[in-house]
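Novice: Quick one: sequence and predicted model below, then my questions.
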Amino acid sequence: QKEVEQNSGPLSVPEGAIASLNCTYSDRGSQSFFWYRQYSGKSPELIMFIYSNGDKEDGRFTAQLNKASQYVSLLIRDSQPSDSATYLCAVNRGNNRLAFGKGNQVVVIP
Amino acid sequence: DAGVTQSPTHLIKTRGQQVTLRCSPISGHKSVSWYQQVLGQGPQFIFQYYEKEERGRGNFPDRFSARQFPNYSSELNVNALLLGDSALYLCASSTGPPEKWQPQHFGDGTRLSIL
């Protein structure tokens, strides 16, 4: 079992719709979780982090964490063409070392 | 303020050669981590340095080595290059000791191609 799994294929959403991304992790002791956005040919950019069970909202982004089920999700509301990118889920393995999933590509269709 | 800077941006090498990649962290950041990102995959942790000391090492062969200098810049060295070393090498910096989580800020990476 991979440490961090993002199994969904590319996600196409119409402009203005909600994009929903999911991620599961294997280490039950993990404490902090992150979503990075990566545009093609660019470096990952941190957009959300979450520590506690429940929801955390920041602008059009909402991160959801369920430690009992070991999953993290990201919702992007009112999707814009500029949201088209690969979204990477990452878990802090301890001592600030991140384990990343392979990423999910999101394409927002105008 | 300048972000994390990496050099060179692109590099082409042949199998068996050696390469050195460089990273300058954000001013005031004392921790540097290196990640390898193969096309279509997420970044994989290679090394972490804080105050010039190695604080973490990922599952990479001994051909990979790194160091951090007194000005907190860092170098990643890879010896005896293999085709599988072709990847985007990312450097990330953060402010304090690894025991306390802080956001990691990534540079734009060095794209290494092995022929």
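Specialist: Noted; the coordinates are in hand. Numbering: from 1, shown residues only, chains lettered A, B, ... in the order given.
Novice: can we go C-alpha only for contacts and neighbour counts from here?
Specialist: OK.
Novice: So the residue lying closest to B:Pro98 once chain neighbours are set aside versus B:Gly42, what's the distance?
Specialist: Counting by Cα to Cα, 6 or more residues apart in numbering or on different chains, B:Pro98 lies nearest to A:Asn95, which is 4.5 Å off, once chain neighbours are set aside. When Cα to Cα, to the nearest Å is the yardstick, A:Asn95 and B:Gly42 sit 19 Å from each other.
Novice: now do A:Val106
Specialist: In terms of Cα to Cα, A:Val106 sits 15 Å off from B:Gly42.
Novice: Which of those two has more residues huddled nearby?
Specialist: B:Gly42 (24 against 21; other Cα atoms under 10 Å in any protein chain shown).
Novice: thought B:Ala92 was touching B:Pro25?
Specialist: Yes: using Cα atoms under 8 Å, B:Ala92 and B:Pro25 qualify as a contacting pair, with a distance of 7.4 Å.
Novice: Identify the contacts common to the two.
Specialist: Counting by Cα atoms under 8 Å, 6 or more residues apart in numbering or on different chains, the common neighbours of B:Ala92 and B:Pro25 are B:Val4, B:Val32.
Novice: Give me the phi and psi angles of the nearest residue to A:Leu74 once chain neighbours are set aside.
Specialist: With sequence-adjacent residues excluded and distances taken as Cα to Cα, 6+ apart, A:Leu74 is closest to A:Ala63, at 4.6 Å. In terms of degrees, to the nearest 10, the main-chain angles of A:Ala63 are phi -100, psi 140.
Novice: for A:Ala63, what are its contacts?
Specialist: With contacts taken as Cα under 8 Å, 6+ apart, A:Ala63 has the following neighbours: A:Met48, A:Phe49, A:Ile50, A:Asp55, A:Lys56, A:Glu57, A:Val72, A:Ser73, A:Leu74, A:Leu75.
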